[in-house]
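Asks: Need a 3D model of the sequence below.
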Amino acid sequence: MLVAAAVCPCPPLLVPDVAAGAAPELDAARAAVTDALGVLAASRPDLLVVVGPAEKSGRGPHPEGTRGSFTGFGVDLDVCLGRPDADDVDRDTDGAGSGSPERELPASLAVAAWLLERTGWSDAPVEGLGVGEPLEAERCLQAGARIGGRAGRVALLVMGDASACRTLKAPGYLDERAKDFDAEVARALGAADVGALKALDADLAYELKAAGRAPWQVLAGAAEGAGLGGALLYDDAPYGVGYLVAAWS
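Replies: Just a heads-up that it's a prediction; the model follows:
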């Protein structure tokens, strides 16, 4: 059963080495994320599952010990999801055979791995799940329900940004619908409103480049019937992208 969740944005700029001189601009977001991860640790989970958006090559499960890298962002920095020695165990991932090379973490899960390393996570085993932007709501909900049943006490770290269309200089340019979309997501996350997350418009989210839509709906599926309460810890749009941090417990 789901006992806690943290919802965090996933820009690589959260990693100071990537942000370089702009790192202080996201200090408040990092502080909020630290508080949200503290809620996860306090829940004493048996399993932590990290869910984040991923391109096709990064979709699907990522076992504990999977490596990630920020070299694609110009920084010589590697991370590991959970215990570094977990990748020494032979696996048959997706039927590929234990001798096949391990996939690298998608960017969103690499950011999550960095956040967990930064806060010294050691409270429970960690697994990752990369979800594609096109994944329909019903399949997101089903995936979340399966995750919620994985252990007696399950925690979720849900990575994903809101719209990328809040200003003229935003990655998706200015879209007047973006502010209201982000406000409703912020309200739903702050209130742990499972119904509102389930009802998010996938087409609108796609048009607004809101990469968090599918992960948020995975959260909704996992939280169904769990009776969790929520708190919104951060809500801002630096660089014209909506970044939200929330904690459920």
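Asks: okay, Asp88: pLDDT?
Replies: In this model, Asp88 is scored at 47, pLDDT.
Asks: List the contacts of the residue most central in space within the chain.
Replies: Residue closest to the mean C-alpha point of the chain, counted by CA atoms, centre = their mean, is Met159 at 1.3 Å. If you count contacts by CB atoms under 8 Å, 6 or more residues apart in numbering, Met159 has them with 8-10, 50-53, 108-109, 111-112, 212, 215. C-betas here are computed from N, CA, C, even on glycine.
Asks: Now with 6 Å, please.
Replies: Counting by CB atoms under 6 Å, 6 or more residues apart in numbering, Met159 makes contact with 8, 10, 52, 108, 112.
Asks: Distance of it relative to Trp216?
Replies: 10 Å (CB to CB, to the nearest Å).
Asks: Check which residues of the top helix by length along the chain are buried.
Replies: Counting by DSSP state H, the longest helix found in the chain is helix 27-42. Buried residues in helix 27-42, defined by neighbour count with 16 or more other CB atoms under 10 Å: 29-30, 32-33, 36-37, 39-41.
Asks: One more: stretch 227-242?
Replies: 228, 230-242.
Asks: likewise stretch 107-119?
Replies: Within stretch 107-119, the residues scored as buried using 16+ other CB under 10 Å are 107-116, 118.
Asks: Output these in a markdown table; the columns should cover pLDDT, secondary structure and distance to Phe70.
Replies: A markdown table is the format used below for the buried residues of stretch 107-119 (pLDDT from 0 to 100; DSSP: H, G, I helix; E, B strand; the rest coil; distance: CB to CB, whole Å):
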| residue | pLDDT | secondary structure | distance to Phe70 |
| --- | --- | --- | --- |
| Ala107 | 98 | helix | 8 |
| Ser108 | 98 | helix | 12 |
| Leu109 | 98 | helix | 12 |
| Ala110 | 98 | helix | 7 |
| Val111 | 98 | helix | 9 |
| Ala112 | 98 | helix | 13 |
| Ala113 | 98 | helix | 10 |
| Trp114 | 98 | helix | 8 |
| Leu115 | 97 | helix | 13 |
| Leu116 | 97 | helix | 15 |
| Arg118 | 94 | helix | 13 |
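Asks: coming back round to it: among the buried residues of helix 27-42, give me the pair with the biggest separation.
Replies: The span of the buried residues of helix 27-42, defined through CB to CB, is set by Ala29 and Ala41 at 18.9 Å.
Asks: Report how many residues lie close to Val245.
Replies: Number of residues near Val245 (other CB atoms under 10 Å) recorded here: 26.
Asks: Next, work out how far apart it and Leu204 are.
Replies: From Val245 to Leu204 the distance is 22 Å (CB to CB).
Asks: How far off centre is stretch 242-249?
Replies: 10 Å (CA atoms, centre = their mean, to the nearest Å).
Asks: So for that stretch, mean pLDDT?
Replies: Averaged across stretch 242-249, the pLDDT comes to 98.
Asks: For Ala247, which three-state class applies?
Replies: strand (DSSP: H, G, I helix; E, B strand; the rest coil).
Asks: Verify the contact between it and Gly38 for me.
Replies: No: contact criterion CB atoms under 6 Å: Ala247 and Gly38 do not qualify, at 8.2 Å.
Asks: before we move on, the earlier item: quick one: the contacts of Met159 as TSV, columns for distance to Phe73 too.
Replies: Formatted as TSV, the contacts of Met159 follow (distance: CB to CB, whole Å):
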residue	distance to Phe73
Cys8	18
Cys10	13
Gly52	16
Ser108	13
Ala112	15
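Asks: which one of these is nearest Ala124?
Replies: Set against Ala124, the nearest of those by CB to CB is Ala112 (14.3 Å).
Asks: Give the closest residue to the closest one in space, chain neighbours not counted.
Replies: Counting by CB to CB, 6 or more residues apart in numbering, Val50 is the residue found nearest to Ala112 once chain neighbours are left out, at 4.6 Å.
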